[in-house]
Every structure is written in C-alpha cells, then in structure tokens.
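In: Here's my sequence, what's the structure:
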Amino acid sequence: MKQCTVKQARTVPSRLIGWNAVPVSAPSARSFSNKSYYFELNKQIGERDRDWKELLKFFEAEGGNFSGMNYATTVSKLGRFKGRDLSAMRKDKRYPNLIKSLEKVMTSSPLSEFGQGARHVANAVHGLAKMNQPNKAIMSKVNEEAEWMVTTGVPQAIANTAWSFASMDVKAPELFEEIEKQAPRIVKEGAPQAIANTAWAAATLGHWAPALFKEIETRASFLVKDGKPQEIANTAWAAATLGHSASALFEAIETRSSFLVKEGKPQEIANTAWAAATLGHSAPALFREIEARSSFLAKEGTPQAIANTVWAYGKLQYDAPTLLAAVDSASEVLIKSGTTQSFANVALAFAEIGHKPASFFNCLEMHSDELVKSANEQQITNVSWSLVTLGIASENEALLQALWKRAIETDASKFTSEALNQLVQVDVHARASGVELPPVSPSLKKRMSQAAKADTNAGSRFEDKYSALLTEAGFKHDREVQFLEGDYAGFLAIDFACKERKIAVEFDGPSHYLTELKKGAKPNHGRENGRTTAKRRLMEQMGWKVVNIDYKDNIKLSTAPKEKVEKAGGMKEMKIKYLRNRLKLVGVIL
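Out: Sure, this is the predicted structure:
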C-alpha cells in the first residue's frame, strides 16, 4: 500500500495513540504537527466526497496513515452513495480492503482510542449502515463498550449508533440498556432528530425502553414544536409500535396538526395517523386536516401510505367520504403497485366505515389471481369479510368465490380466531345474499363452529332498562336471541326479539356509529357504521323485521325539558311512547 509522500518516516508518537493512527510509517515532523496532519487528510477526503472512486483511491494511497477520524470520515462519505454507485463500489477490490482495515483498527484497541471518541465511532458505524455493510466484529465491539459510548457520546452520536444497529437489524442489548440509563440526558440535550432516531431504533429492534419514552413524554411539546414532520412521525410510530400511550405527544401533535399535514410527506402523515389509531388517540384535528388533503395523499402517497391512512380512519370509526372517494379514484394504480397487505387494509377501511367504493373491488377482481396467490390467510379473510359486510357479494361474486376457494383449501390450523369469525360471517352473509359457496372441510367447519359459539355478547345496563320498558309497552320478547341455526347457532344474537313474529329490536350504543370530522362534532354521533348496517341487512334477508334504537335518542329523552316530560306523563311514559312509535315503523301496534 502506498504511503504519503515524505522524505523521512517515523513511528507515530505516543501522544497520538488516542487518535488511533495505524502503527506503520507516518509522515515526518515537517509534514504535520500533532493532530494537524490528520485534519489535513480529512480535508483531502472531503474534497473527494463526490466520487467514490476517488475516495477509495485516496484510501489506497494514504490509508496506511489514517487515524480513526480519517476512517470515520471516509466511510461516512462513502455511505452517501446509493443505487448503481453503491453496487459498483462494493464490487471494487479496494472496498473490502477498506472494510477489513476499519475492522482491524476498531477492534484491536479500546474504542476510546478511535478518532476523537464516540462521535467518530458513531460516524463509522453510521457509514456502514448506510452502505448496508453490517460488520459483526465492529458491531459487537461497539455493543460491548456501550457504557463508554453512551456515557461519553452526545445525543446525536448515540442516536446515529442506535439507528445504525436498527437499520442493519443487529441486536444491541447492552447499548439500549445504557441508553435507558442515560435517557434523561439524551432527551433533555438531544435535538428532535436525535430523539426520534433513538426512539425509532428502539422500536425497530423491539426494545421497550420505558425510561426513554417516559422522558420523551416530558419533552413532547418541544419535540413537536421544533421537530420536522418526519421526526414527529417516527417518534409517534415508535411509541405505537412498542405500546407506549404517548398521551402528551399526541396532545402536542393535535396543536400542530395543520403544519404536520401541510408540510409532511404522505408516508409521514400515514405513520402519524397509524400511530394515533393504534394507540386509540382520537386526534380529530389531525384526521380533519388529513381529510382536507385527500387528493394530495391519494395522488402522491405510496399504496402502503394510503392503506395505513385509511386503515386508521376505519379503526377510529371516522366518517371520511372525501378521503375514501379519493382513494377509490386511485384504485387502479393502488392495486397495480400495492401489496396484498395494502389491498386488505383498504378493503377493511371501506367495510368498517360502510363506504361502498365504485371501483376498488372491481379493480381488485381483475387482479384476483395475484391476490389469491400472494395473500396470507388473514388478508384473504379480511377482503372476503369486507365484500359481504358491504353487501356486494353478488356484484363481486367472482372475487368472493376465488377468495373462498383459497380459504377452504388452506390448513384449518392456520386461521386465527379472528379469521375464523370472519369466515363464519362470510358464509352466513353470502348464503343470505343468494351466493352459494363451496362447502368447507370437516376440520375447518369444526373450527368455524367453535369460533361462532365463542362469540358471545353480554347485555348492557341500558339494554336491561329498555327490556323492562319494552315489556311495559306490551312487547313480549326474549333477550340475546340466537337467530342462526345449525353449525353457527349462537352467533350474532339479537338484543330483544319476538321469535314467533320475527321482530327484532336492537339497542345501538356508541360503538355502532361513526364520528364526523366537522368541527364541534360529537364522537359517535354520525351515521351507523358498516358492521351495524350489515347485521340489519342480514336479519332482514332472513325475514326479520328490525327496529334499531339509537342511543342518541335515549340521551335526548333523558335530557328532555321538564315541561315536555310532565306533559308526557313522566319519563317512563315518554320512553314507552317512543318505543311504541319505533315498533309502528315495522307494523307492530301495541
């Protein structure tokens, strides 16, 4: 290997060991003074940072005299190259020589002697990660010396190191244990990017990190106020992935929702929405802003980003007609370039919200072969369930038949309880709609039957009160009446029913209704959701007359003016009259 051009070489002086200069020939005293020589090398490395060939050429010529700082800078600069450049660089014979030399330097002595300490260690590891070049020896060394690394490193260096381990999927228990110990300092002194990257790394590697996320909660306002949309999204995603409630974080996000949605990229918006829904944060301002940018998201977002966003609306039961219409208009592109997971999530959102798309399922039917071939069991049942829940089994029978065929040919043991429950509903709804599905195997039928019997629903205190009121109104009924027979007996009970006359009365609580996104809208005060509509449709198809009692009506009655109550003869009489009027709608005169 070539050396720097010098007149006389000498051994590296002991005072420079902390800079980890390789103990080979070093430049003469005239060529450098203490650390200045290595700064000069770094300057020359920087001048070559636009051409990876020049960087490797410089290493080949001068690497014998590199300090830890020079190694870190070189690897960091090389880490910026992507695509074809990165592929060609990795094939260059000088590249493995650099990696081997870096490994020797970093593992042959304490990391405290590498460059200027934790910062250069972090830069070197970060460069390896950017090149997707995991080095077991180097990563093990960094993890072993995690206490030094985290204790002496600034938050950015710690974040870069943690990010590198996570991006290369290398476990680092000691590193994250030390991060937990230093969490107050890391979060207090760290910039939003450093905090976000550390949180993202912990979540990606599955480290729960309670101390870290506790500290993030205390700095939530700072993080959201000073952070970029990507940093905020990554932090929210990390909290949701690990199951940290992050209440303060999402309260702060609500206050800046307009900025986050306006300035954020579709993936960042999707990650924030997904995190909110996963943790159960309603975040109405955030979802209102997203709805306002529906066209942008549907046009610019990746299939995954679109799917995760609409899934969040379905999960939180938000009525989002503008967003769903925009997504439906992008169906062809979404299905051609998306994954089976994205198809399933979009289908679920349509069904949960009860929004019948004009194009989505028709486009999906055209690509049913790919879906049936590539989707897993849960995705198959999700799409099938969505079809019957929306009442379009007949319209898209070819798609449903293909999905069902795949399902019944699958080993019954592979289905989760949720998937089995969905299969029961698909079978029941399809038959009620006049769609004949092929019979299932005895083993699958047994598991579906068990899932149906396990799906029980206890009555609420409001149902107890309304049962008494219905009795006083003269409506003879039974509670929790099972209206399916055979293998699925016990599935989907009716709240109050007169089986002889096939009259069903359903008390619909808040969970049966969507939430509108207009300002001032109360939660669960919108139209009924997809599941509620589907159940009523099923009962009607099976010959039942259905009366739905809206919980909001109960609120209105219970809070009626005193004069109105007295005029009706009291609260009980007023509610009984209401029930009689509801029953009249299906021809029941009491």
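
In: Spell out which residues make up each domain of the chain.
Out: The domain map for the chain lists 1-144, 461-584, with the assignment taken from automatic domain parsing.

In: Could you tell me which residues make contact with residue 124?
Out: Counting by C-beta atoms under 8 Å, 6 or more residues apart in numbering, residue 124 makes contact with 68, 71-72, 75-76, 102, 106, 114-115, 138. (Glycine included, C-beta is placed from N, CA and C.)

In: Flag whichever of the domains of the chain has the least confidence on average.
Out: Among the domains of the chain, domain 1-144 carries the lowest mean pLDDT, a mean of 81.

In: about what we covered before: show me which of the contacts of residue 124 is closest to residue 255.
Out: Closest approach between those and residue 255, by C-beta to C-beta: residue 76, at 36.6 Å.

In: any idea which element the closest residue in space to that closest one that isn't next to it in sequence lies in?
Out: Leaving aside its sequence neighbours, residue 76 sits nearest to residue 127 (C-beta to C-beta, 6 or more residues apart in numbering; 4.2 Å). In the assignment (DSSP states H and E), residue 127 maps to helix 118-130.

In: Next, format the domains of the chain as TSV and append distance to residue 182.
Out: TSV is the format used below for the domains of the chain (distance: least, C-beta to C-beta, whole Å):
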stretch	distance to residue 182
domain 1-144	12
domain 461-584	40
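
In: Which one of the ones you listed lies nearest to residue 203?
Out: domain 1-144 (16.5 Å).

In: Now do the strands in the stretch 351-500 of the chain.
Out: Ranges of strands in the stretch 351-500 of the chain, per DSSP state E, counting those that start in this stretch, are 478-482, 493-498.

In: So for residue 179, which of those sits nearest?
Out: Nearest of the strands of the stretch 351-500 of the chain (C-beta to C-beta): strand 493-498, 50.5 Å.

In: and that closest one, what other elements does it pack with?
Out: Applying 3 or more C-beta pairs under 8 Å, 6 or more residues apart in numbering; DSSP states H and E, we find strand 493-498 packed against helix 461-473, strand 478-482, strand 503-508.

In: Please produce TSV containing the contacts of residue 124, extended by neighbour count and distance to residue 300.
Out: Below are those laid out as TSV (neighbours: other C-beta atoms under 10 Å; distance: C-beta to C-beta, whole Å):
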residue	neighbour count	distance to residue 300
68	27	43
71	26	40
72	27	37
75	25	34
76	21	31
102	26	40
106	26	42
114	26	43
115	28	41
138	23	39
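
In: Now, those that are in strands?
Out: Residues from the contacts of residue 124 lying in strands, with DSSP state E as the criterion: none.

In: In a markdown table: those, plus distance to residue 439.
Out: Formatted as a markdown table, the contacts of residue 124 follow (distance: C-beta to C-beta, whole Å):
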| residue | distance to residue 439 |
| --- | --- |
| 68 | 70 |
| 71 | 67 |
| 72 | 66 |
| 75 | 62 |
| 76 | 63 |
| 102 | 63 |
| 106 | 64 |
| 114 | 68 |
| 115 | 70 |
| 138 | 59 |
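
In: which one of those residues is nearest residue 417?
Out: Relative to residue 417, the closest of the contacts of residue 124 is residue 138; by C-beta to C-beta it sits at 44.9 Å.

In: just so I know, which of the helices and strands packed on strand 493-498 lies nearest residue 85?
Out: Short answer: strand 503-508, nearest of the helices and strands packed on strand 493-498 by C-beta to C-beta, at 60.1 Å.

In: helices or strands next to the lengthiest helix in the chain in the packing?
Out: Longest helix of the chain, by residue count under DSSP state H: helix 417-432. Helix 417-432 sits against helix 377-389, helix 397-408, helix 442-454, helix 530-541, with contacts defined as 3+ C-beta pairs under 8 Å, 6+ apart.

In: check contacts around residue 478.
Out: 496-499.

In: Please name the bridge partners of it.
Out: Beta-bridge partners for residue 478, by DSSP bridges, are residue 497.

In: Give the buried residues for stretch 48-60.
Out: Using 16 or more other C-beta atoms under 10 Å as the test for burial, stretch 48-60 gives 48-49, 52, 55-56, 58-59.

In: Distance of residue 94 relative to residue 53?
Out: 9 Å (C-beta to C-beta, to the nearest Å).

In: Just confirm the residue nearest to residue 76 contacts residue 75, I think it does.
Out: Yes. The pair residue 127 / residue 75 is scored as a contact, 3.4 Å apart, by C-beta atoms under 8 Å.
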